[in-house]
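Asker: I'll drop the sequence and a predicted model, then ask my questions.
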Amino acid sequence: MKITRKEVEHVARLARLELQPEEVERLTIQLDTILNYAAKLDELDTGGVAVTTHTQGAGNVFREDLVHEALNREQALANGPDQNGEAFVVPRIIS
Amino acid sequence: MEFETVIGLEIHAQMKTRSKIFCGCSTEFGAPPNTHVCPVCLGMPGVLPVLNRQVVENAIKLALATELTINRENRFARKNYFYPDLPKGYQISQFELPIAEHGRVEIEVDGARRWIGITRAHMEEDAGKLIHAEHEPESYVDLNRAGTPLLEIVSEPDLRSPDEAVAYLKKIHAIVRYLDISDGNMQEGSFRCDANISLRPMGRQEFGIRTELKNMNSFKNVQLALEYEVRRQRDVLLDGGEVVQETLLWNPDKNRTEPMRGKEEAHDYRYFPDPDLPPVFIDEEWIERMRASLPELPDPRRQRFMTAFDLPAYDAGILTASRELADYFETACATYDQPKKLSNWIGTELLREYGPERIGECPVRPESLARLLIMIEEGAISGKIAKTVFAAMLESGTEPDVIVKEKGLVQMSDEGALQALVQEIVAVNPAQAQQFRDGKTKVLGFFVGQLMQKTKGQANPQIANKLFRQALAAGPE
């Protein structure tokens, strides 16, 4: 097995996902299948290949330090599940 | 048992740029909530962050000033965690290949100089701000700060006392201010510091269990929080207990550290390279261009002040505490070529009103201060009157000559005019006059004081001294 139930539960907690025990069971098997599939890449000899994080070959894409116009606040807040006209409103986390 | 303190600092310096690190929203402080936001810094789907060139240049400057090695190729990574002030669910930061690593700065505590290692410096974006409601169980999210560029500077665990930690923090602060890459304002949060601190029995190699301190928004609070934590950990260890590895917040009202509740999480950020941002390549030519743009830094400038102006190390250290103050001193010195006298005056009269960081707000131009000191030198005013004049200059920014003229503060150096007053004072104080003749020459100060009262401090003290000596030596008439 590439992944254990415990790891699935941990990742679910990191992603704020609430899983039922049977979902954990099912996802552990599915994720294991996916990881095994991806593990095929390990069969390649990449000894002579540099660590690659980007494939387009681009680098040094910059913008100059200039200020653009911001969204107006009404638009900015429009998608929030709760807002008070000035700010997004969220449940209090620090007691 | 004797313990050794081990401290490492993580500094977050907000970069001085007009716009954010990955979008063109303004970085201005204090704007109404959520008015400096756009789809990129709000974390909307489908947007593309593009790196602000100025942030890279600022980072290169810091690297050069602190002997960090610049990674010719460096990359951005996503640091994943959930918190309401982080709209994307990840912070764009640098992880495996930061822009610079392995540097050092020299600090001085109680005359002892030590090199402190810097592990790394990396570019990242700031999070938004949470404002907690007073009475409701809710918080308000302001994303104006989200995406503001930060340079995180991580020290090695090389600091051995709260004093050293503060000295190091002040050194980095002075450097970013000299480089003009951060405004360094701790109150506004543009220069923040977290500390890792542990104790170990003297002589042991392994580190003890550490705690992380947050919420120290001034040099004084950093000092107090670290001192408190040294005492607290020592008490725990002496009682045979174990320090709990946790994050503590400094509570400045109660003068103690307290466990942070709520945000504590298993730290598992699942870093991975950010596919939206291509790598940054920095070549020699770019580095040399940045090197050529560097100003004189605090340490070399301090050295130069000691040799070129023949100042004591203490004076040179104070005068170079900020670039503005050092510039102020040099400008004044160009007009009034008495560095030590100028330093004394700045150290007492000027810095009492305007600290090194606030010198730019001082209404007295350096040339005007120099002019004031020249007036003392020429005998136009006494040192004491000069303080009155200086107070007026601080209030109005008016030139010293004008104030002296307007207020009629010109020093009385005319012996004839003073002579009559001297005779009168001697005549009405026969007992003190006799004391002087009996050898208690200290009473001369009393006589000069009387004259100063009568002349509202305008009598030239050298001439007053001379006249009284003559009058008293002459004996009773």
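Answerer: Perfect, I can see it now. Residues are numbered from 1 along each chain as shown, chains lettered A, B, ... in the order given.
Asker: Okay, now the unreliable bits of the chain?
Answerer: Let's take chain A. Within chain A, the stretches with pLDDT under 70 are A:94-95.
Asker: wait, chain B
Answerer: Short version for chain B, where the test is pLDDT under 70: B:261-266, B:475-477.
Asker: so where do the helices sit in the stretch 51-200 of chain B?
Answerer: For the stretch 51-200 of chain B, the helices defined by DSSP state H, counting those that start in this stretch occupy B:53-65, B:162-179.
Asker: For the residue in chain B that chain A sits nearest to, which non-adjacent residue is spatially closest?
Answerer: In chain B, the residue that lies nearest chain A is B:Gly24 (3.2 Å; Cβ to the nearest Cβ). For the C-beta atoms, the positions are set from N, CA and C on the backbone; glycine is no exception. Excluding its sequence neighbours, the residue lying closest to B:Gly24 (Cβ to Cβ, 6 or more residues apart in numbering or on different chains) is A:His68, at 3.2 Å.
Asker: same question, B:Arg291
Answerer: B:Leu64 (5.5 Å).
Asker: one step back: relative to B:Leu51, how far out is the residue of chain B closest to chain A?
Answerer: 12 Å (Cβ to Cβ, to the nearest Å).
Asker: and if you look at B:His122?
Answerer: 13 Å.
Asker: For B:Pro33, give me its contacts.
Answerer: A:Arg73, A:Glu86, A:Ala87, B:Ile131, B:Tyr140, B:Asp142, B:Asn144 (Cβ atoms under 8 Å, 6 or more residues apart in numbering or on different chains).
Asker: and the residue nearest to the fifth one when sequence neighbours are not counted, what does it touch?
Answerer: Among residues not flanking B:Tyr140 along the chain, A:Ala87 sits closest, at 3.7 Å (Cβ to Cβ, 6+ apart). For A:Ala87, the contact set (Cβ under 8 Å, 6+ apart) comprises A:Leu77, B:Pro33, B:Asn34, B:Ile131, B:Tyr140, B:Val141, B:Asp142.
Asker: thinking again about what came up before, common neighbours of B:Gly24 and B:Leu51, please.
Answerer: A:Arg63.
Asker: picking that back up, quick check: phi and psi at the residue nearest to B:Gly24.
Answerer: phi -100, psi 170 (degrees, to the nearest 10).
Asker: Next, B:Leu248: phi, psi?
Answerer: Torsion angles, degrees, to the nearest 10, at B:Leu248: phi -120, psi 150.
Asker: Chain neighbours aside, what residue packs nearest to it?
Answerer: Closest to B:Leu248 by Cβ to Cβ, 6+ apart is B:Thr257, at 4.0 Å.
Asker: again with B:Ala313
Answerer: That would be B:Met306: by Cβ to Cβ, 6+ apart, it lies 6.1 Å from B:Ala313.
Asker: for the strand of greatest length in chain A, which positions count as buried?
Answerer: In chain A, with assignment by DSSP state E, the single longest strand is strand A:88-91. Using 16 or more other Cβ atoms under 10 Å in any protein chain shown as the burial criterion, the residues of strand A:88-91 that qualify are A:Phe88, A:Val89, A:Val90.
Asker: ok, back up a step: distance-wise, check the residue nearest to B:Tyr140 relative to B:Asn215.
Answerer: Distance from A:Ala87 to B:Asn215, by Cβ to Cβ: 22 Å.
Asker: what does B:Gln303 give?
Answerer: Taken as Cβ to Cβ, the span from B:Gln303 to B:Asn215 is 36 Å.
Asker: Equivalent analysis for B:Leu62, please.
Answerer: Counting by Cβ to Cβ - B:Leu62 and B:Asn215 are separated by 24 Å.
Asker: What of B:Arg270?
Answerer: 26 Å.
Asker: Tell me which residue is most central in chain A.
Answerer: Nearest to the geometric centre of chain A sits A:Ala15, at 8.1 Å (Cα atoms, centre = their mean).
Asker: who touches the closest residue in space to B:Lys129 that isn't next to it in sequence in this structure?
Answerer: In this structure, B:Lys129 finds its nearest non-sequential neighbour in B:Asp142, 4.7 Å apart by Cβ to Cβ, 6+ apart. By Cβ under 8 Å, 6+ apart, the residues touching B:Asp142 are A:Glu86, A:Ala87, B:Pro33, B:Asn34, B:Gly128, B:Lys129, B:Leu130, B:Ile131.
Asker: Chain B contacts on chain A?
Answerer: A:10, A:14, A:16, A:53-54, A:56, A:58-68, A:70-71, A:73, A:76-77, A:79, A:84, A:86-95 (Cβ under 8 Å from any Cβ of the partner chain).
Asker: Now a PyMOL select for only the buried ones of the residues you listed.
Answerer: Of these, the buried ones can be selected in PyMOL as follows, counting by 16+ other Cβ under 10 Å:
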select buried, chain A and resi 14+53+63+65+67+70+71+73+76+77+87+88+89+90+92+93
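Asker: what does the strand or helix carrying B:Ile385 contact?
Answerer: Using DSSP states H and E, B:Ile385 maps to helix B:383-396. The contact list for helix B:383-396, computed with Cβ under 8 Å, 6+ apart, reads B:349, B:353, B:362-364, B:368-369, B:372-373, B:375-376, B:381, B:398-400, B:403-404, B:407, B:409, B:411, B:452, B:457-458.
Asker: which of those residues are buried?
Answerer: For these, buried by 16+ other Cβ under 10 Å: B:349, B:362, B:364, B:368-369, B:372-373, B:375-376, B:381, B:398-400, B:403-404, B:409, B:411, B:452, B:457-458.
Asker: would you list every one of the strands in chain A?
Answerer: Taking DSSP E as the test, the strands found in chain A are A:62-63, A:88-91.
Asker: hang on, I meant the stretch 201-350 of chain B
Answerer: Assigned by DSSP state E, counting those that start in this stretch, the stretch 201-350 of chain B shows strands spanning B:211-214, B:247-251, B:256-259, B:272-273, B:280-281.
Asker: could the ones you listed go into JSON lines alongside mean neighbour count and distance to B:Gln91?
Answerer: Shown next, in JSON lines, are the strands of the stretch 201-350 of chain B (neighbours: other Cβ atoms under 10 Å in any protein chain shown; distance: least, Cβ to Cβ, whole Å):
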{"stretch": "strand B:211-214", "mean neighbour count": "20", "distance to B:Gln91": "16"}
{"stretch": "strand B:247-251", "mean neighbour count": "19", "distance to B:Gln91": "17"}
{"stretch": "strand B:256-259", "mean neighbour count": "16", "distance to B:Gln91": "24"}
{"stretch": "strand B:272-273", "mean neighbour count": "16", "distance to B:Gln91": "13"}
{"stretch": "strand B:280-281", "mean neighbour count": "18", "distance to B:Gln91": "17"}
